[in-house]
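> show me the folded form of this:
(2 chains)
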Amino acid sequence: MNLKSIAEIEKEIVEDFALFDSWEDKYEYIIELGKKLAVLEDEHKIDENKIKGCQSTVWLAASLEDGVVVFKADSDAVIVKGLISMLIKVLSGQTPEEILDAKMNFIAEIGMMTHLAQTRSNGLLSMIKQMKNYALAYKMMKDNKEADHG
Amino acid sequence: MKMMVTDIRQQFPILGRIVKGKPLVYFDNAATSQKPQSVIDALSHYYSHYNANIHRGIHTLAEEATHAYEAVRFAVKAFVGAAEVEEIIFTRGTTEGINLVAYTWGRQNIGTGDEIIISGMEHHSNIVPWQIVCEEKNAVLKVIPVKDNGELDLDAYKGLLSTKTKLVSIVHVSNSLGTVNPVKEMIFAAHEVGAKVLVDGAQSAVHLDIDVQDMDCDFFAFSGHKVYGPTGIGALYGKKELLENMPVFQGGGEMIREVTFEKTTYNDLPYKYEAGTPNIADTIALKAALDFIKATGKESIRKHEAELLAYATAQLQAIPGLTIIGQAGNKVSLVSFVIDGVHPQDMGVLLDNMGIAVRTGHHCTQPLMKRFGIPGTIRASFAVYNQKEEIDVLVAGLHKAIKMLT
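Here you go, the predicted structure:
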């Protein structure tokens, strides 16, 4: 369970990035985040967890723990890994409903919109979509359970 | 006379662009080349002065547009060295040219148990159309292996050829490695067993002198946008006797002689394969691109690009941890490489922030990447307007990015 809301975490990231005045600093920070991203166990690095992107391989695993969604991920490209690390920071530990409502405006605000471009070169957009898909699936599971009990 | 690169550069307005605060270094020419002002002007002039549908109009604009459009066919005929102008079919590009042959000649001439030979360095667009034909006709796709240095194993190729071989469809120049394949020799060997040969000229047309009669290929396909022309236009050369006997590709206007509900008869070459209103503007502008190449001189272009290749190869090889993928003896001006501990995509992102455009990834040749055991490469591909100073910018950029990433 993440005690901070999605909006609060997004705001923190935007504030962090405001400190950088060059693209080098910005990318060095993202690369550092990538290198520090928690290891994804090999058991999760399976084809079903692969996100379809053209150039780098991205794995995403999710689980529902105490009503919140926990995400883990990895990539063979370190900048992608750094971006994933931020997505995880924002969305992991939040409820399915909050994840579904998340606007993810911080990506544009920190100047990383190019990584969301609809080119085949990166999987960030598909990554967010997949995270929301997990949230939707968990929400439906929960709704069905509540309906059964009601 | 020595070609002046600064004069050439002035003809390409896009080269003055600032990207991410730095002067653009454009090394993605194998994906698409930039366009000289004359090509841009030809497009604009067509739409501003004589835009009309061609071939059947009897008014002045239609006549002017038809005349300009058909003049391009003669320019392409000269560009590839074809014997007759009827042998030039306009297409959307190389991919459509290959598909045209696959869907017409392929469907008519490939049968159960027949074999089609391609190579291990083909672009997906010279793999997939043949897989489709093979599946439909229960034919077999055979692949010429690629050697470690990025050349084709010609002994293996000769071993694959047999009377079962109906077609060899081979890339002239590899888009991922830069290798120039000895197509003339390969075509001769294929003809010995009675097979036809298609040459994928997507990468070769801009760098090499093309002479389809000397090569003796049966089909040759290329794209306009890789020869300084517009996107959406290309050409397919085919030997006349083959084109005459092949079934039609698409049905519609332009390609017919007479239509009744009972029976339609088809138009003569080349119109038989050009259904519908063609891409008139881009076709006309393609001529401006071919004129640019002619005026600059292919020999001058070749010399300049060979210098760039030699310089880039030496500079890049000096970078610790960098390995050039594709070290064939005969290469066009393109260098593909990998760097220890660096994912190509990460490198592409950082170079972009320095205003340097390269291509990273598998370059639509996934089987070739698999053969070399790599996810992809970083590819710098050069054109007539590139300069040594730009290679220095790339090398400095690579050093900087490697430091950031490792």
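> so residue A:90 sits right up against residue A:11, yeah?
No. Applying C-beta atoms under 8 Å as the test, residue A:90 and residue A:11 come out as separate, 10.4 Å apart. Where C-beta positions appear, they are placed from N, C-alpha and C, glycine not excepted.
> the more surrounded of those two?
residue A:90 (27 against 14; other C-beta atoms under 10 Å in any protein chain shown).
> report how many residues lie close to residue 138.
Went with chain A since none was named. 21.
> hmm, I had chain B in mind actually
Residues near residue B:138, counting by other C-beta under 10 Å: 11.
> what helix or strand is the closest residue to it other than its chain neighbours on?
Excluding its sequence neighbours, the residue lying closest to residue B:138 (C-beta to C-beta, 6 or more residues apart in numbering or on different chains) is residue B:112, at 4.4 Å. Using DSSP states H and E, residue B:112 maps to neither a helix nor a strand.
> okay, residue B:112 and chain A: tell me how far apart.
34 Å (C-beta to the nearest C-beta, to the nearest Å).
> for residue B:355, see how far away the residue nearest to residue B:356 when sequence neighbours are not counted is.
Excluding the flanking residues, the one nearest residue B:356 by C-beta to C-beta, 6+ apart is residue B:25, at 4.5 Å. With the distance defined as C-beta to C-beta, to the nearest Å, residue B:25 ends up 6 Å from residue B:355.
> so which of those two has more stuff around it?
residue B:25 (24 against 18).
> show me the contacts for the more buried one.
By C-beta atoms under 8 Å, 6 or more residues apart in numbering or on different chains, the residues touching residue B:25 are B:355-357, B:390, B:393-394.
> mind doing that once more with 10 Å?
Residues near residue B:25 by C-beta atoms under 10 Å, 6 or more residues apart in numbering or on different chains: B:15, B:19, B:351, B:354-358, B:380, B:386-387, B:389-394, B:397.
> and residue B:281, by the same measure?
Residue B:281 neighbours (C-beta under 10 Å, 6+ apart): B:42-47, B:51, B:65, B:68-69, B:230, B:232-233.
> show me which of these are buried.
B:42-43, B:45-46, B:65, B:68-69, B:230, B:232-233 (16 or more other C-beta atoms under 10 Å in any protein chain shown).
> looking at these, which are in helices?
B:42-43, B:45, B:65, B:68-69 (DSSP state H).
> alpha carbons only: can I get stretch B:142-156 in CSV?
This file holds the C-alpha atoms of stretch B:142-156, laid out as CSV (Å, rounded to 0.1, in the frame of the first residue of the first chain):
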residue,chain,number,x,y,z
LYS,B,142,15.4,-22.0,-49.2
VAL,B,143,17.8,-19.5,-47.5
ILE,B,144,21.4,-18.8,-48.5
PRO,B,145,23.5,-18.6,-45.3
VAL,B,146,25.4,-15.5,-44.4
LYS,B,147,29.1,-15.8,-43.4
ASP,B,148,30.5,-14.1,-40.3
ASN,B,149,32.0,-11.2,-42.3
GLY,B,150,28.5,-10.4,-43.7
GLU,B,151,29.0,-11.9,-47.1
LEU,B,152,26.8,-14.6,-48.6
ASP,B,153,28.1,-18.1,-48.7
LEU,B,154,28.1,-18.5,-52.5
ASP,B,155,29.2,-22.2,-52.4
ALA,B,156,26.1,-22.9,-50.3
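> and residue 43, what does it touch?
No chain was given, so I picked chain A. Contacts of residue A:43 by C-beta under 10 Å, 6+ apart are A:49, A:61.
> wrong one, I was asking about chain B
B:35, B:230, B:281-282, B:284-285, B:288.
> and which of the residues you listed is nearest residue B:58?
Closest approach to residue B:58 among the contacts of residue B:43 (C-beta to C-beta): residue B:284, at 19.9 Å.
> look up how far residue B:25 lies from the residue most central in space within chain A.
By C-alpha atoms, centre = their mean, the mean C-alpha position of chain A lies nearest to residue A:87, the distance being 2.8 Å. Applying C-beta to C-beta, the value for residue A:87 to residue B:25 is 32 Å.
> and residue B:168, how many residues sit next to it?
29.
> what bridges to it?
Beta-bridge partners for residue B:168, by DSSP bridges, are residue B:117, residue B:197.
> for it, what are its contacts?
Residue B:168 touches B:115-119, B:142, B:144, B:157, B:160-161, B:183, B:186-187, B:189-191, B:193, B:195-199, B:217-218, counting by C-beta under 10 Å, 6+ apart.
> what comes up buried for stretch B:344-353?
B:344-353.
> do that stretch and chain A meet?
Yes. Stretch B:344-353 comes into contact with chain A (C-beta under 10 Å from any C-beta of the partner chain), by way of B:344-350, B:352-353.
> closest to residue B:257 out of those?
Distances from residue B:257 to the residues of stretch B:344-353 next to chain A, taken by C-beta to C-beta, are shortest for residue B:348, at 51.2 Å.
> any idea which helix or strand carries that closest one?
Going by DSSP H and E, residue B:348 is in helix B:344-352.
> and the average pLDDT for that helix is what?
Per-residue pLDDT over helix B:344-352 has a mean of 94.
> and what of stretch B:239-249?
95.
> surely the residue nearest to the centre of chain A and residue A:104 touch.
Yes. Between residue A:87 and residue A:104 there is a contact under C-beta atoms under 10 Å: 8.0 Å.
> A strand includes residue B:338, no?
Yes. The assignment for residue B:338 (DSSP: H, G, I helix; E, B strand; the rest coil) places it in a strand.
> how about it, what does it touch?
B:321-325, B:344, B:347, B:372, B:374-378.
> using a markdown table, please lay out those residues together with secondary structure.
Compiled in a markdown table, the contacts of residue B:338 are given as follows (three-state DSSP):
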| residue | secondary structure |
| --- | --- |
| B:321 | coil |
| B:322 | strand |
| B:323 | strand |
| B:324 | strand |
| B:325 | strand |
| B:344 | helix |
| B:347 | helix |
| B:372 | helix |
| B:374 | coil |
| B:375 | coil |
| B:376 | coil |
| B:377 | strand |
| B:378 | strand |
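> separate out the buried members of those.
Here, 16+ other C-beta under 10 Å leaves B:322-325, B:344, B:347, B:372, B:375-378 buried among the contacts of residue B:338.
> need the residues of chain B near chain A, please.
B:20-21, B:341-350, B:352-354, B:359-362, B:364, B:375-376, B:400-401, B:403-406.
> so the residue lying farthest from the centre of chain B: helix, strand or coil?
Most distant from the centre of chain B: residue B:262, at 40.6 Å, with distances by C-alpha atoms, centre = their mean. Put simply, residue B:262 is coil when judged by three-state DSSP.
> which one of the ones in helices among the buried ones among the contacts of residue B:281 sits closest to chain A?
residue B:43 (25.1 Å; C-beta to the nearest C-beta).
> list the residues that contact the residue lying closest to residue B:153 once chain neighbours are set aside.
Nearest non-adjacent residue to residue B:153, counting by C-beta to C-beta, 6+ apart: residue B:145, 4.6 Å away. Residue B:145 makes contact with B:119-121, B:152-153, B:155-157, B:160, B:371, according to C-beta under 10 Å, 6+ apart.
> pull out the buried residues from those.
Counted by 16+ other C-beta under 10 Å, these give B:119-121, B:152, B:156-157, B:160 as buried.
> leaving out chain neighbours, which residue sits closest to the residue in the stretch 101-250 of chain B that chain A sits nearest to?
Nearest residue of the stretch 101-250 of chain B to chain A, counting by C-beta to the nearest C-beta: residue B:124, 12.2 Å away. Leaving aside its sequence neighbours, residue B:124 sits nearest to residue B:364 (C-beta to C-beta, 6+ apart; 4.6 Å).
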